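Colleague: give me a model of this one.
(chains A and B)
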Amino acid sequence: MPAHIKEIANELAHLQQPVEFEDKFRLLPAERLPELQSPGTMAIAAASLKGNNPLFALICQKEAAPRFSMIRLMSRVACPVMMTPVGSGTVVFPDDNIRRFVLVYERPSGKRLIPQAGHPVPKMDEESIINGIIYNLLPALSELSARTLMHRAIRAENIFITSDGRATLGECLSTPPAYAQPVLYEPIDSGMASPSGRGDGGVLDDFYSFGVFLAEISMGGTLLQGRSDEQIIEAKIKLGSYGALVGQTRVPLKLMEPLRGLLSDDPYERWTIQDLEMWANGRHLSPKQVPLPPKAVRSISFAGKDYLTAPMLANAMRLNWSESKVLIQSDHLDSWVRRALSNDDMGDLVVLAERTSHALAATGSGEDRAVSASIMALDPSAPIIYKDVAVRVDAIAQAAALEFFEPGKVEQLLDIIRMKLSQAWVTSQTRTKPEFIAIIKQIEHLAQNVKSMVPGYGMERAVYAGNEGWPCMSPLVGDHYVDDVKNLLPALESMVAEGRIEGAPVDRHVLAFAMNHMRGNFDALLKRFEDPFNRDVYNSASLRILSDMQKQFGPPNLPALSAHMANLLIDSVENFHNTAFRKQLREAVENATGEGKLTTLQSILDNSQIKDQDQVGFDQAQVIFSNLEAQATWLEQGGLVSNENVRHVSDKTSAVISGVCSSLALVLMTIAWVF
Amino acid sequence: MGRLPLLLVILVLAAVLMPSAILMAVLMVPSLVVYVIDRNPHRYFTVTIGLPNFCGVLPPLMDLWERGQTFDGAFNAIADPWNMMIAYGAAGLGWVLYLGTPIFVSSYLNISTDGKIKSIRRYQDDLIDAWGNGVKQSTNIAPVEEMEAHEQDVS
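Modeller: This next block holds a predicted model:
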């Protein structure tokens, strides 16, 4: 198993209880099937509830998540010589109540050609290779080509051979594309890219891998055994893939043609399914020899070695980044390209890269961009290379997902997006492809997501927007495989119930994952998450987002999460001024917590209207209190019985009494006068 | 009505009813004196003296009108010490009322002050119960005019 893939079989040793899945399968985790295990997965027995086909299931890991979009497409393929899933999805295992992703396959007939990577491949004779392997696997390759599906896991240990020598193509969906492929099996550019940055690539990548596999079984053993990945890439660049892998070794004459065609380093010259079918039908083709890169008339000295070709120098620059910066700053590279390689176009690109370096000098990353752009100029077929990152242009989002928690990697990928290195890579290509349009759209979409670094956007959003079905990577969901937003709240509920979340159950990953799936515009709400130290604002915003999620996706009751949020926000109830209102709110919070309704809780605890009402009432009460205090003070200081006030009141009183008495007198006089 | 038109109306009436005007001018001297010395814009003092004084003048005035509004009748009424005593005595009662009221008012206000203070403190306690101690920390000081208005209400 490749070192970068996590072994999970031991971690999942505690799974024992059977569990039903999709009402169609029963998974039997107690029955392990290590011989069917793909890298980074655990294989267990499975039984169909409706048929008798022998099945097995692969429990996948979320760190190297399965190929969600490809699963949907592959499950529609019915090909007896290729393993395609009969079921897939997440299932909660009762042993630990953790949701995991599972792929169900029919058990292949036969055994793996080699038990695991690194074992020597048995040498097969020409007849067995042609009849048992090539003819047998042609329908699978044809199906993949016709549907433009990329297998990206064609390698010796992923081929199953029956006792009578018939081959079946193993599964390819449990880990990201080409993630478990040895560098040997990858075309030069894909091999240069880190395993996380290989991406789906194209159908022709599968044909290259098939070519490597044919070369291995025709020669036996392990090709380029004992060489490091870097040495393998160097050998392929120097001698061409065919030259490096086959070289002077004698291979069956009939196989020379397909090997030359499939191992061509120029994708435009590489054999396609039509070529292979024609060859299988007896039409002999003579594959064009791909010329090696032009040699310079004099070598250039770099990092203690002399280089004669541009791709070799580019590969060396990839491995010696600091020295590359020094080389770019000097004029040697430009003059070497123009004079020794006689390639003015390449020289212009190198100069352009240097100039861009000067333009970006203020940002501090200009030299790095210049090195990256110079490598593109020297070897346009190489992936995008920037500092420690080597990634194919269509695999930036995937690399971000797989290497998110690797120190420094995300920042470098962010630099690639912001410095528009992807666009520079597309521009540097000598031949345009129709796929470039889709790639440019994908790049623009990525750039849009990282334009704002507000929680809910940024690289986290780029991960989920750029990788369909990628599970939420937040530590808050623990080991739960949450690829569907409907499962996010149940996962958080479970984590809270276990006491594994102390603060707000919302972080940048949860937000980005939710925003990628939720309807509506939440930009104003997301701004409330900008200051994680402002706990009151952060917690109430968290409650708002969680309640919106519950409203849109359920489930209707989340008692643990409601109680947790109520605990976090109960202090905000104490911030209300009106004591009677506080009491009412406390009761309402208790009721909502009991019911597990985040929406009700949110309407109480994050309601600006009632907060405003309380504040207005309080302000008025303060003014009234203040006025009453002034009146009481005035009275206590004898204001009411002061001479002035007594005189004032007396004046009025005497005038009133005088008026009343005079009126009575007038009435009496009138009566006396009349009678 | 402005002061000048009122003065003109009075002058016209005085010219038409000259005997009555002479009678009133003599018998209502206390009211005229008080009108002159009263500085209160509401003229409470003038009202206190003027109304009983007018009540005292009214019987000779009625008598004059019954006898036909003659200068002789007016001078006879003026010369009658009884009329003089009633008119000036009524004004004197008003004066006594004006001077005596503060004694009673002062006593009443003394008694009611404690009750008012208790009532205010009860209201303040209710506010504290409803809104907490924070309500004591006044951020908005009431404007002076508002304060004065409240003081007027209390009195």
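Colleague: who's in contact with the spatially most central residue of chain B?
Modeller: Centroid-nearest residue in chain B, with CA atoms, centre = their mean: B:Tyr44, separated by 2.5 Å. Listed by CB atoms under 8 Å, 6 or more residues apart in numbering or on different chains, the contact partners of B:Tyr44 are A:Asp651, A:Lys652, A:Ser654, A:Ala655, B:Asp38. For glycine as for every other residue, the C-beta is placed from the backbone atoms N, C-alpha and C.
Colleague: farthest pair in those residues?
Modeller: The largest separation in the contacts of B:Tyr44, counting by CB to CB, is between A:Lys652 and B:Asp38 at 13.5 Å.
Colleague: where does the chain have low pLDDT?
Modeller: Just going to use chain A. For chain A, the stretches flagged by pLDDT under 70 are A:1-3, A:287-288, A:360-364.
Colleague: hmm, no, I was thinking of chain B.
Modeller: Within chain B, the stretches with pLDDT under 70 are B:1, B:138-155.
Colleague: pull the longest helix from it.
Modeller: Longest helix of chain B, by residue count under DSSP state H: helix B:81-131.
Colleague: that helix and chain A in contact?
Modeller: Yes. Helix B:81-131 is in contact with chain A by CB under 8 Å from any CB of the partner chain, via B:94, B:97-98, B:101-102, B:104-106, B:109-110, B:112-113, B:116-117, B:120-121, B:123-124, B:127-131.
Colleague: just checking, what packs against that helix?
Modeller: The contact analysis (3 or more CB pairs under 8 Å, 6 or more residues apart in numbering or on different chains; DSSP states H and E) places helix B:81-131 against helix A:579-595, helix A:608-636, helix A:643-674, helix B:18-27, helix B:29-37, helix B:44-67.
Colleague: check contacts around A:Gln602.
Modeller: A:Leu543, A:Arg544, A:Leu546, A:Ser547.
Colleague: show only the entries of those found in helices.
Modeller: The helices, defined by DSSP H, take in A:Leu543, A:Arg544, A:Leu546, A:Ser547 from the contacts of A:Gln602.
Colleague: quick one: contacts for the first one?
Modeller: With contact set as CB under 8 Å, 6+ apart, A:Leu543 has these partners: A:Met565, A:Leu568, A:Leu569, A:Leu598, A:Leu601, A:Gln602, A:Leu605, A:Asp606.
Colleague: ok so, going back, would you quantify the distance from the residue nearest to the centre of chain B to A:Leu664?
Modeller: Computed with CB to CB, to the nearest Å, the distance linking B:Tyr44 and A:Leu664 is 19 Å.
Colleague: of the helices and strands packed on helix B:81-131, which is nearest A:Ser228?
Modeller: Here helix A:579-595 is closest among the helices and strands packed on helix B:81-131 (CB to CB), at 58.8 Å.
Colleague: before we move on, the earlier item: out of the contacts of B:Tyr44, flag the one nearest to B:Met24.
Modeller: Checking the contacts of B:Tyr44 one by one against B:Met24 (CB to CB), the nearest turns out to be B:Asp38, at 18.8 Å.
Colleague: wait, is A:Ala43 part of a strand?
Modeller: Yes. Using DSSP: H, G, I helix; E, B strand; the rest coil, the secondary structure at A:Ala43 is a strand.
Colleague: tell me how far it lies from A:Val102.
Modeller: From A:Ala43 over to A:Val102 (counting by CB to CB), the distance is 11 Å.
Colleague: go on, A:Val573?
Modeller: In terms of CB to CB, A:Val573 sits 44 Å off from A:Val102.
Colleague: mind listing what the spatially closest residue to B:Gln69 that is not a sequence neighbour touches?
Modeller: Leaving aside its chain neighbours, B:Gln69 sits nearest to B:Pro19 (5.1 Å; criterion: CB to CB, 6 or more residues apart in numbering or on different chains). Going by CB under 8 Å, 6+ apart, B:Pro19 touches B:Leu64, B:Gln69, B:Thr70, B:Phe71, B:Gly73, B:Ala74.
Colleague: and A:Lys611, by the same measure?
Modeller: So A:Lys611 contacts A:Phe576 (CB under 8 Å, 6+ apart).
Colleague: and A:Lys325, what does it touch?
Modeller: Counting by CB under 8 Å, 6+ apart, A:Lys325 makes contact with A:Glu367, A:Asp368, A:Ala370, A:Val371.
Colleague: now the residues you listed as TSV including secondary structure and distance to B:Ser31?
Modeller: TSV is the format used below for the contacts of A:Lys325 (DSSP: H, G, I helix; E, B strand; the rest coil; distance: CB to CB, whole Å):
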residue	secondary structure	distance to B:Ser31
A:Glu367	helix	106
A:Asp368	helix	105
A:Ala370	helix	108
A:Val371	helix	110
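Colleague: chain center to stretch A:278-294: distance?
Modeller: Relative to its chain's centre, stretch A:278-294 lies at 39 Å (CA atoms, centre = their mean, to the nearest Å).
Colleague: ok, the residue of the stretch 401-550 of chain A found nearest chain B to A:Glu257 distance?
Modeller: Closest to chain B within the stretch 401-550 of chain A is A:Asp536: 17.4 Å, counting by CB to the nearest CB. Separation of A:Asp536 from A:Glu257 (CB to CB) stands at 73 Å.
Colleague: again with A:Pro434
Modeller: 28 Å.
Colleague: related to what we said a few turns ago, against A:Lys652, how distant is the residue nearest to the centre of chain B?
Modeller: For B:Tyr44, the distance to A:Lys652 equals 6 Å [CB to CB].
Colleague: likewise A:Lys441?
Modeller: A:Lys441 sits 87 Å away from A:Lys652, going by CB to CB.
Colleague: in terms of neighbours, single out the busier of those two.
Modeller: A:Lys652 (18 against 10; other CB atoms under 10 Å in any protein chain shown).
Colleague: and that one, what is it in contact with?
Modeller: Counting by CB under 8 Å, 6+ apart, the residues that A:Lys652 touches are B:His42, B:Tyr44.
Colleague: give me that answer again for 6 Å
Modeller: Going by CB atoms under 6 Å, 6 or more residues apart in numbering or on different chains, A:Lys652 touches B:Tyr44.
Colleague: can you count the residues close to residue 122?
Modeller: Using chain A. 14.
Colleague: not quite, go with chain B.
Modeller: 10.
Colleague: and it, how far is that from B:Lys116?
Modeller: Computed as CB to CB, the B:Arg122 to B:Lys116 distance reads 11 Å.
Colleague: now do A:Leu333
Modeller: In terms of CB to CB, A:Leu333 sits 96 Å off from B:Lys116.
Colleague: now swap in A:Pro85 and tell me
Modeller: From A:Pro85 across to B:Lys116, the span is 87 Å (CB to CB).
Colleague: more neighbours, those two?
Modeller: Using other CB under 10 Å as the criterion, A:Pro85 and B:Lys116 rank with A:Pro85 on top: 23 against 17.
Colleague: show me what from the stretch 451-600 of chain A comes close to chain B.
Modeller: Contact residues (CB under 6 Å from any CB of the partner chain) of the stretch 451-600 of chain A with chain B: A:His577, A:Asn578.
Colleague: how about the contacts made by A:Ile375?
Modeller: With contact set as CB under 6 Å, 6+ apart, A:Ile375 has these partners: A:Ala314, A:Met317, A:Ile385.
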